[in-house]
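**Q** using only what follows, build the 3D model:
(one chain, ligands or ions: 1)
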Amino acid sequence: MSLLSAQQGQGAPKQRGEGQQEHQIAVRWLARLAWFTLAYNVLVILWGAYVRISGSGAGCGDHWPLCDGHVVPPSFTVQRVIEFSHRATSGLSGLFAIGLVGASFWATPKGHPVRLGAALTLGLIVLEGLVGGMQVLLGLTANSTDPARGLVQGVHLANTFLLLAAMLLTALWAGGAPKLRWPVAKSDHAWLRWAVPLITGAMLLLGMAGAVTALGDKLFMPAPGTPLDTLRRDFGHNGVTGLIQQLRVVHPLLAVVVCALLLWFVDKVKHSIAPVSPTFLRAGYWLYAVIALQIGAGLLNVALKAPGWLQLVHLALASVMWLLVVLLMYLPLTEHSSLPVHEATQEAPA
Ligand code: HEM
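**A** Numbers count the residues shown, from 1 in each chain. Got it, this is the predicted structure:
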């Protein structure tokens, strides 16, 4: 029984007032937990990238979910510490997600969007663990140059992005933001019907291509000399280059197209949905800044041949950029909602 529905039928106004206060405190804590889970997961994602950068993916052997056959391995090498701590910290994300589901079902009434957000978060965390586990069990770690590794790494990244989106929506909804209106009514900015899926798909594809590029840089060091020398070597006809190596050039090219698409989207919303909210305008300016930084970091990556620290900076910027894009897509899908922000958390229980 949800906290709100527990109050129904209790007559005394004082009791009802106390119940209302209790409900507000519970929802406030739910929002805090949701924002904390989001921030914590960005750190887990960066640590996951460090597992790859440090070549520690096989630190627990080809065992999963056990580490080298143990819940807690009896001895530790540096690589095992890195891989095991990634498993432990991502396991903790799972516990936070379970907490979110429990708290949202307890503190909000049936049909409240935060319940959906929390359930999606948990589902995507489970999927994230399964994809990571599959990678280990199939031996697509350490020095494996199997093209399937590129695909699994890409799927892992796409799932990570979806997970971040679910966490952001959960946090917004826990804070009282309105439900999504989807599908958009035909009369009401119907272009959003195709623009939102297109941008979501384009960002996921860009991230997946980035993951393949990162893998390519890890497995096949860029050639000495200029990036052109690397390209010549990647596409040389000596028969030794593989798909992962050849695909690394796709990501920077795709980045230019996707960034242009994002700029168009922000501009189109500004001009076609008036008046656009100050939050949208602010998020839009942040997106411009992050795009500029990210393109700079990408170019520096190519110039410096992707040192580990810069890979982490690039991934952190990609996560922030994706979260801003999700926010910028969410806002126009709610701007015409009849639900003001504060009403969304106080719907009558079903
Ligand atoms: C502006 C939008 C961009 C986004 C959202 C983006 C996103 C990403 C992501 C998610 C990765 C994988 C990181 C990982 O798994 O550790 C990556 C890798 C990479 N990206 Fe980008 N990127 C962008 C632009 C660029 C540009 C313009 C360039 C080059 C001119 C570039 C060059 C690279 C390189 C060399 C890697 C592999 C090294 C690394 O992981 O940092 N990126 N990118």
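
**Q** any part of the strand or helix carrying residue 268 near the ligand?
**A** Assessed by DSSP states H and E, residue 268 sits inside helix 250-272. Yes - interface with the ligand: helix 250-272 contributes 251, 252, 255, 259 (C-beta under 6 Å from any ligand atom). Quick note: C-beta positions are derived from backbone N, CA and C, even for glycine.

**Q** which parts of the protein sit against the ligand?
**A** Contact residues, the chain versus the ligand (C-beta under 6 Å from any ligand atom): 49, 157, 206-207, 210-211, 213-214, 217, 251-252, 255, 259, 291, 294-295, 298-299, 301-302, 306, 311, 314-315, 318, 321.

**Q** re the thing from before, so which of the residues of helix 250-272 next to the ligand wins on neighbours?
**A** Within the residues of helix 250-272 next to the ligand, most neighbours by other C-beta atoms under 10 Å means residue 251, with 21 neighbours.

**Q** which of the three states applies to residue 178?
**A** State at residue 178, reduced to three classes by DSSP: H, G, I helix; E, B strand; the rest coil: coil.

**Q** circling back to that earlier point, so what touches the helix holding residue 268?
**A** Residues from elsewhere that reach helix 250-272, judged by C-beta atoms under 8 Å, 6 or more residues apart in numbering: 189, 191, 195, 198-199, 202-203, 205-206, 209-210, 212-213, 276, 280-281, 284, 287-288, 291, 294-295, 298, 302, 325, 328-329, 331-332.

**Q** among the residues you listed, which ones are buried?
**A** Neighbour-count burial (16 or more other C-beta atoms under 10 Å) applied to the contacts of helix 250-272 gives 189, 195, 199, 202-203, 205-206, 209-210, 212-213, 276, 280, 284, 287, 291, 294, 298, 302, 325, 328-329, 331-332.

**Q** got the buried residues for the helix holding residue 268?
**A** Judged by neighbour count using 16+ other C-beta under 10 Å, the buried positions of helix 250-272 are 250, 251, 252, 254, 255, 258, 259, 262, 265, 266, 269.

**Q** which secondary structure elements does the helix or strand residue 162 falls within contact?
**A** Using DSSP H and E, residue 162 sits in helix 147-174. If contacts are counted by 3 or more C-beta pairs under 8 Å, 6 or more residues apart in numbering; DSSP states H and E, helix 147-174 sits against helix 13-53, helix 78-107, helix 113-137, helix 192-219, helix 243-247, helix 308-330.

**Q** same for the fifth one, what does it pack against?
**A** For helix 243-247, the elements it packs on are helix 147-174, helix 192-219, judged by 3+ C-beta pairs under 8 Å, 6+ apart.

**Q** what residues sit buried inside that helix?
**A** Neighbour-count burial for helix 243-247, counted by 16+ other C-beta under 10 Å, picks out 244, 245, 246, 247.

**Q** just those residues now: which is nearest residue 176?
**A** Ranked by distance to residue 176 (C-beta to C-beta), the buried residues of helix 243-247 are led by residue 247 at 43.3 Å.

**Q** still on that earlier bit, so which of the helices and strands packed on helix 147-174 comes closest to residue 60?
**A** Residue 60 sits nearest to helix 78-107 of all the helices and strands packed on helix 147-174, at 5.1 Å, using C-beta to C-beta.

**Q** so residue 26 touches residue 105, yeah?
**A** No - Residue 26 lies out of contact with residue 105 (C-beta atoms under 8 Å); the separation is 11.3 Å.

**Q** what about this structure, any weak spots by pLDDT?
**A** Applying pLDDT under 70 to the chain flags residues 1-16, 186-188, 236-241, 335-350.

**Q** what residues go with each domain of it?
**A** 1-180, 184-333 (automatic domain parsing).

**Q** follow-up on the earlier one: following the helix holding residue 268, which helix or strand comes up?
**A** Going down the chain from helix 250-272, the next helix or strand is helix 278-304, by DSSP H and E.

**Q** for residue 62, give me its contacts.
**A** Residue 62 neighbours (C-beta under 8 Å, 6+ apart): 136, 137, 139, 141.

**Q** redo that, cut-off 10 Å
**A** Taking C-beta atoms under 10 Å, 6 or more residues apart in numbering, we find residue 62 in contact with 68, 136, 137, 138, 139, 140, 141, 142.
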